[in-house]
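A.B. asks: what shape does this take:
(2 chains)
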Protein chains: 2
Amino acid sequence: MLFAIIMAGGSGTRFWPKSRRNLPKQLLNLHGDATMLQQTVERIAPLVPAERVFVITGADQAEATREQLPELPSSNIVAEPCPRDTAPCVGLAAEIVAALDPDGTMIVMPADHVIRPDEAFRRAVEAAVAVVEDAPGSLVTFGVRPTRPETGYGYIQRGEALGPRDGVAVHRVVQFREKPDRETAEKFVASGDFAWNAGIFVWKARTILGEIRRHKPLLGAALDRVGAAWGTAAGPNVLAAEFPEMERTPIDKAVMEKADDVKVLEVVYDWNDVGDWRALRPLLPADEAGNAVRGDVVALDTKDSIILSDDGGLIATIGLDDVVVVQSGGATLVARRDQLDKLKGLVEGLNASGHGSYL
Amino acid sequence: MLFAIIMAGGSGTRFWPKSRRNLPKQLLNLHGDATMLQQTVERIAPLVPAERVFVITGADQAEATREQLPELPSSNIVAEPCPRDTAPCVGLAAEIVAALDPDGTMIVMPADHVIRPDEAFRRAVEAAVAVVEDAPGSLVTFGVRPTRPETGYGYIQRGEALGPRDGVAVHRVVQFREKPDRETAEKFVASGDFAWNAGIFVWKARTILGEIRRHKPLLGAALDRVGAAWGTAAGPNVLAAEFPEMERTPIDKAVMEKADDVKVLEVVYDWNDVGDWRALRPLLPADEAGNAVRGDVVALDTKDSIILSDDGGLIATIGLDDVVVVQSGGATLVARRDQLDKLKGLVEGLNASGHGSYL
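C.D. replies: Take a look at the predicted model:
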């Protein structure tokens, strides 16, 4: 059986002031009619029934997550006791799946990516599941064809072509490379051998658990203790005791870079990890001057800007170019688009500057 | 006796969103502890007792004006039935003064200029009054030494030196020149013969009324009908009937450019007509990056900007340079400083764009 695991953690600094500690990106309706989390669930729904969709989130966000997903069984929203990066998160999900179906296959995906069209995504999922059924020991990742030398993403180097499966190209993975410098990224893109790591994985629960046990035995043992107690009265206590002690490490580094049978599917849908306000612009309807505008806005001689008024007030701009103006929850951000990398630092400094109420 | 006439009209577009239709610039506390109107009254108070200080304002603003000046007799706040530029305004004030003291001298001054220090201003007023007492037919204007080829001001060309009076240089006026182009302004400044027209005048009420009658006989006659009724029960009705029919013309053009005995005093105080947000920056305390900041603001890598948070919310900026961010009354302006000339047009368009509530 196929299970869907939606990783919905995240701290919510990059979409401040709209995102807050208890309201990270995936819980926001940044574009369209639903939140990114809801869109993620809808995207997989035709392939996976609600009772096999699990959302792993933070304790702070579990309540809001349940409210946004009334169609899921409440117990399918699993709150991590504390953030421990993706390896413990994926391992916990695999234990849950394996407890329900020892031969279960799972797709792991982030809750905060924009993917279009949904059909192309589902075709890729079906192809990945077929690859895993063909070779149950495979770890399958999704690779996005890079369109620019982005330094903020991880890259996957493709090796031997294994031929298309259900019309989707499948390659062996040579290596994973975390965020490269600009020069390296340019080489990657020029080579044609590299794909962006979309952070989406398909595998048998027992396969990934076996790989975790092999490469991270302490983590594997802790996960197995949680798995053994899962579904019993002791489950929550065991999770609360074990999880904070687990190694804080990403699944890419902990397992994927070391495993033998790693394959990459070349996916052909539009993909946007919506890293910050910049990434939102192409997703919102733009006026003729290239402005993405929402709410009550008057933009005079303004271009290529993002202007969102969420609090009901009027925002009037004159002469802006490439600026982000966002008003939400009583706070207003005005930032040059090319300096948005500094937003994380600004938000992290709010507590120290006496503005903790805006976190 | 000396009377003070404070011209406090103005529509309040250039300090939007802080200024509104019923709350123009002079009623705002833009810097310091008092509104510009209150500062103007305080500045002249040591020379003119409250009962001889008159404020001419618009009907929309009379109530707020009275509230800000509780020390003045309520009837000294005079509401124009409609805006008619400065000649009818000055003439009305002169009629009021002449009715109280046929030999009265009056100083006319705008309510929305910043002048520092107050003592230097009062020394100039005393010198001007002395000039008028020496030659009661004089019209005396205040000229500010220009510090840049400003194209937004009027200029006064000095002629024959009449020698200092009480330590203040006095010249005959050769001509008034309205806002010149850049090249002309540069010539004016280089010549050393031109001063900025500060819009402050000292004269006998009967002198200016005589000049109005001579150069604008219809206006003079209408003013005289208002003056004859002033202080009687019919006064308000006569004003309401006559004023809207008066010619809409500035006093400079209607009289000053044509009168024979016009003199200019060279004043030596700091003067700022606070034309818009730009002019405010040097008046506010600046941080080390040259930002003028008020309210709850976090400015990261931001310089030479004006950031005012009036509504209690937080404004956070990243990477701005020469930008004005003002939040007041539920509206937020974000404008490049070098494009603030467009603010007037933006505000005038608010009604058409369905934002009349922000006027």
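
A.B. asks: how long is stretch A:37-56 from one end to the other?
C.D. replies: Using CA to CA, to the nearest Å, the end-to-end distance of stretch A:37-56 comes to 11 Å.

A.B. asks: what's the domain layout of chain A?
C.D. replies: Following automatic domain parsing, one finds the domains of chain A at A:2-272, A:277-358.

A.B. asks: quick one: distance of whichever strand in chain A runs longest to the chain centre.
C.D. replies: As assigned by DSSP state E, the longest strand anywhere in chain A is strand A:194-204. With CA atoms, centre = their mean, to the nearest Å as the basis, strand A:194-204 stands 11 Å off its chain's centre.

A.B. asks: what helices or strands is it leaning on?
C.D. replies: Applying 3 or more CB pairs under 8 Å, 6 or more residues apart in numbering or on different chains; DSSP states H and E, one finds that strand A:194-204 contacts strand A:105-110, helix A:118-134, strand A:139-144, strand A:155-161, strand A:262-267. C-beta here means a position set from N, CA and C on the backbone, and glycine is covered the same way.

A.B. asks: which parts of stretch A:187-205 are buried?
C.D. replies: The neighbour-count check on stretch A:187-205 (16 or more other CB atoms under 10 Å in any protein chain shown) flags A:188-189, A:194-205 as buried.

A.B. asks: separation between the residue most central in space within chain A and residue A:273?
C.D. replies: Nearest residue to the geometric centre of chain A (CA atoms, centre = their mean): residue A:110, 2.6 Å. As for residue A:110, its distance to residue A:273 is 8 Å (criterion: CB to CB, to the nearest Å).

A.B. asks: what's the average pLDDT for stretch A:84-91?
C.D. replies: The pLDDT scores in stretch A:84-91 average 95.

A.B. asks: and for stretch A:290-304?
C.D. replies: Averaged across stretch A:290-304, the pLDDT comes to 94.

A.B. asks: how far does it sit from the chain's center?
C.D. replies: On CA atoms, centre = their mean, the centre of stretch A:290-304 falls 29 Å from that of its chain.

A.B. asks: kindly report the same for stretch A:314-331.
C.D. replies: How far stretch A:314-331 lies from its chain's middle: 27 Å, per CA atoms, centre = their mean.

A.B. asks: likewise stretch A:303-319?
C.D. replies: Mean-position distance between stretch A:303-319 and its chain equals 28 Å (CA atoms, centre = their mean).

A.B. asks: is residue A:194 in a bridge, and if so with what?
C.D. replies: Taking DSSP bridges as the rule, residue A:194 bridges to residue A:157.

A.B. asks: quick check, it in contact with residue A:157.
C.D. replies: Yes. The pair residue A:194 / residue A:157 is scored as a contact, 5.4 Å apart, by CB atoms under 8 Å.

A.B. asks: anything in contact with each of these two?
C.D. replies: Shared contacts of residue A:194 and residue A:157 (CB atoms under 8 Å, 6 or more residues apart in numbering or on different chains): A:177, A:188.

A.B. asks: what count of nearby residues applies to residue A:86?
C.D. replies: 24 (other CB atoms under 10 Å in any protein chain shown).

A.B. asks: ok, now which ones touch the residue nearest to residue A:290 when sequence neighbours are not counted?
C.D. replies: Once flanking residues are discounted, residue A:290 sits nearest to residue A:304: 4.4 Å by CB to CB, 6 or more residues apart in numbering or on different chains. Applying CB under 8 Å, 6+ apart to residue A:304 gives the contacts A:281, A:289-291, A:321-322, A:337.

A.B. asks: what's the spacing between residue A:304 and chain B?
C.D. replies: 14 Å (CB to the nearest CB, to the nearest Å).

A.B. asks: output the contacts of residue A:304 in TSV; the columns should cover neighbour count.
C.D. replies: Below are the contacts of residue A:304 laid out as TSV (neighbours: other CB atoms under 10 Å in any protein chain shown):
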residue	neighbour count
A:281	18
A:289	13
A:290	14
A:291	22
A:321	14
A:322	17
A:337	19
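
A.B. asks: make TSV from those residues and add secondary structure to it.
C.D. replies: TSV is the format used below for those (DSSP: H, G, I helix; E, B strand; the rest coil):
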residue	secondary structure
A:281	helix
A:289	coil
A:290	coil
A:291	coil
A:321	strand
A:322	coil
A:337	helix
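
A.B. asks: closest one of those residues to residue B:105?
C.D. replies: For those, the residue nearest residue B:105 by CB to CB is residue A:321; the value is 53.7 Å.

A.B. asks: where does whichever residue of the stretch 101-250 of chain A sits closest to chain B sit: helix, strand or coil?
C.D. replies: Nearest residue of the stretch 101-250 of chain A to chain B (CB to the nearest CB) works out as residue A:152 at 17.4 Å. With three-state DSSP as the basis, residue A:152 sits in coil.

A.B. asks: could you do residue A:190 as well?
C.D. replies: Secondary structure, three-state DSSP: residue A:190 is helix.

A.B. asks: for it, report the pLDDT, please.
C.D. replies: Here, the pLDDT recorded for residue A:190 equals 95.

A.B. asks: and if you look at the one 10 residues further on?
C.D. replies: According to the predicted model, the pLDDT of residue A:200 comes to 96.

A.B. asks: make a markdown table out of the helices and strands packed on strand A:194-204 and add distance to residue A:229.
C.D. replies: Listed next are these as a markdown table, based on distance: least, CB to CB, whole Å:
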| stretch | distance to residue A:229 |
| --- | --- |
| strand A:105-110 | 20 |
| helix A:118-134 | 27 |
| strand A:139-144 | 26 |
| strand A:155-161 | 35 |
| strand A:262-267 | 30 |
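
A.B. asks: so which of these comes closest to residue B:312?
C.D. replies: Judged by CB to CB, the one of the helices and strands packed on strand A:194-204 that comes nearest to residue B:312 is strand A:105-110, at 36.2 Å.

A.B. asks: using CSV, write out every CA atom in the closest one.
C.D. replies: The C-alpha trace of strand A:105-110 is given here as CSV (Å, rounded to 0.1, in the frame of the first residue of the first chain):
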residue,chain,number,x,y,z
THR,A,105,5.7,2.1,0.3
MET,A,106,5.8,5.7,1.2
ILE,A,107,6.2,9.0,-0.6
VAL,A,108,7.8,11.7,1.5
MET,A,109,7.3,15.3,0.5
PRO,A,110,7.5,18.8,1.9
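
A.B. asks: what is whatever helix or strand comes next after that strand packed up against?
C.D. replies: Remark: after strand A:105-110, the chain's next helix or strand is strand A:114-116, criterion DSSP states H and E. Packing contacts for strand A:114-116, counted by 3+ CB pairs under 8 Å, 6+ apart, involve helix A:36-44, strand A:270-272.

A.B. asks: give me the nearest residue to residue A:218, chain neighbours excluded.
C.D. replies: Excluding its sequence neighbours, the residue lying closest to residue A:218 (CB to CB, 6+ apart) is residue A:247, at 6.8 Å.
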